[in-house]
Every structure is written in C-alpha cells, then in structure tokens.
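Q: Model the structure of this input:
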Amino acid sequence: MNYEPAAQDRRRVGPSLSPSALGALFAVGLLCFGQALAADPTVTLTFGANEDFSSKPSFQTALSSFQTAAPSGGLGWEVVPDHVGIGGDYQAKFLENGASNWWLDWYGDGIYVSYHFFGGGSGLDPFLRAGAGCAGRVFLRGDSGSDPLLSISLFPIVAAGLAIRIDDVRLGAVLNAAPYQSRVPVTDITAYPLGFFQAGVFAGFSI
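A: So this is what the prediction gives:
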C-alpha cells in the first residue's frame with residue numbers, strides 16, 4: 001500500500017487521559033472478565049479487516065473502500081457468558097511510499113464490554129460495544145521526512161454491529177465511533193490522527 005501522510009487536522013485532540021481513568025477502565029475489564037470465567041461462556045476468535053473514515057461512511061462507500069484500498073487486518077477475541085461479554089480486537093498494516101520508506105500502522109480496540117441482544121451464542125446476533133482503544137504509526141525504514149517517527153492516540157470507542165452464526169462459524173460487520181482522542185499521558189508523543197469512524201468486517205468461529 002502506498003503511504004499518504006495523515007492529515008493532522010482530521011480530529012481535534014483533547015488533553016491526555018489521566019492514569020486514574022485508564023485504571024478505572026482496566027478495573028471494569030477485569031471485573032467483566034472474572035464474571036465471564038465464572039459462567040459457561042461463548043468464546044469467539046475472529047480474523048478481521050478494518051478501514052478508517054473521517055466521516056460516517058455509507059454502505060456503498062465502505063464496500064468500495066474495502067475493494068480498492070488496503071485495510072488493516074488482525075485478530076479479535078470475545079468471551080460472552082450470556083448477554084454481556086468482554087473482548088478485544090488488534091489490527092495492523094504496513095505502508096510504503098515510492099522511495100521505499102516503510103511505516104507500520106496499528107489500530108486496536110484494546111478492551112471492550114459488549115451487549116448481545118439475543119445472547120452471544122444466537123444465530124442472529126445484533127450487538128453494542130463500548131471500551132478503550134489505541135492507534136498509532138511507527139516509522140520503520142528509510143527517510144521519514146517531516147513526519148514524526150512515532151505517533152500514538154488513545155480513545156474511547158462505541159460501536160454497533162451484526163453477526164450471523166452458522167454452526168460454529170461466525171460472520172459479521174461492525175461500525176466503530178471514536179469521538180475523542182488523547183495523547184499518551186506524561187509523554188510528548190505526537191497524537192495519531194485517527195478518523196472518527198472505523199468500519200470493520202470479521203469472520204471466525206465460536207465455541
């Protein structure tokens with residue numbers, strides 16, 4: 001994929017998330033994970049692809065982007081005891097420009113809590129998610145020019161999606177919104193200019 005410098009004005013960047021806020025998110029995640037292990041949960045492992053958008057994409061725009069661009073790809077997991085679950089999704093892609101300069105972009109819903117209206121093991125599975133994520137870019141080789149060697153952003157996420165389960169196979173799509181982004185606390189690392197929306201598709205299996 002050819003590299004295009006990210007537009008620095010795609011998102012208003014707010015102040016850094018405080019360590020106490022990050023700790024609270026982590027504590028909620030651990031509580032949900034403990035409840036999941038205490039039940040007989042549905043466990044899902046998926047491979048997904050994701051595209052970034054500065055504004056809400058139409059279905060045709062999202063479909064065209066997946067066909068013509070090079071979306072990020074990676075792995076996801078989720079544990080759903082009943083209707084409420086916990087999960088994460090981690091993706092990356094390499095970028096190159098004509099001078100053989102290389103970057104690595106990553107995007108991750110580090111941890112999220114989900115709600116499945118019909119239960120995590122249902123054949124038709126509409127769901128909602130809320131959690132915290134991280135996205136960034138690191139320069140790997142060549143001449144970075146005026147671009148920073150490293151940029152990272154932290155952000156809350158809210159998402160809605162729909163999955164279909166056929167036997168143990170799970171297919172679905174999700175639309176994430178990252179309404180706010182923050183620099184990494186207590187650092188001078190440049191914020192990564194993530195778009196407001198991320199559209200994703202995934203396929204995997206549930207046990």
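Q: Isn't I166 up against D125?
A: No - judged on Cβ atoms under 8 Å, I166 makes no contact with D125 at a distance of 11.4 Å. Any C-beta I mention is one placed from the backbone N, CA and C, and that applies to glycine too.
Q: what ranges do the helices span in the protein?
A: Under the criterion DSSP state H, the chain contains helices at 19-38, 59-68.
Q: Tell me the pLDDT of G73.
A: In this model, G73 is scored at 93, pLDDT.
Q: Surely it touches D89?
A: No - under the criterion of Cβ under 8 Å, G73 makes no contact with D89, lying 10.9 Å away.
Q: so what sits against both of those two?
A: Common contacts of G73 and D89 (Cβ atoms under 8 Å, 6 or more residues apart in numbering): G48, N50.
Q: Comparing these two, which residue is more hemmed in?
A: More crowded of G73 and D89, by other Cβ atoms under 10 Å: D89, with 28 against 13.
Q: Can you list the buried residues in stretch 133-150?
A: G133, C134, A135, G136, R137, V138, F139, D147 (16 or more other Cβ atoms under 10 Å).
Q: okay, and for this protein, where does confidence drop off?
A: 1-39, 98 (pLDDT under 70).
Q: chain center to stretch 125-143, what's the gap?
A: With Cα atoms, centre = their mean, to the nearest Å as the basis, stretch 125-143 stands 5 Å off its chain's centre.
Q: Same check on stretch 189-204?
A: Distance, centroid of stretch 189-204 to centroid of chain: 5 Å (Cα atoms, centre = their mean).
Q: what about it, start to end distance?
A: One end of stretch 189-204 sits 35 Å from the other (Cα to Cα, to the nearest Å).
Q: In contact with G87, which residues?
A: G87 neighbours (Cβ under 8 Å, 6+ apart): T44, G76, W77, E78, V79, D109, I111, Y112, S114, R129.
Q: I'd like to know how far the nearest residue to T46 once chain neighbours are set aside sits from S54.
A: Distance criterion Cβ to Cβ, 6 or more residues apart in numbering; nearest residue to T46, sequence neighbours excluded, is G204 at 3.1 Å. Going from G204 to S54 by Cβ to Cβ, to the nearest Å gives 29 Å.
Q: Quick one: end-to-end distance for stretch 78-90.
A: 12 Å.
Q: for stretch 184-192, same thing?
A: 10 Å.
Q: Just give me how far that stretch sits from the chain centre.
A: 19 Å.
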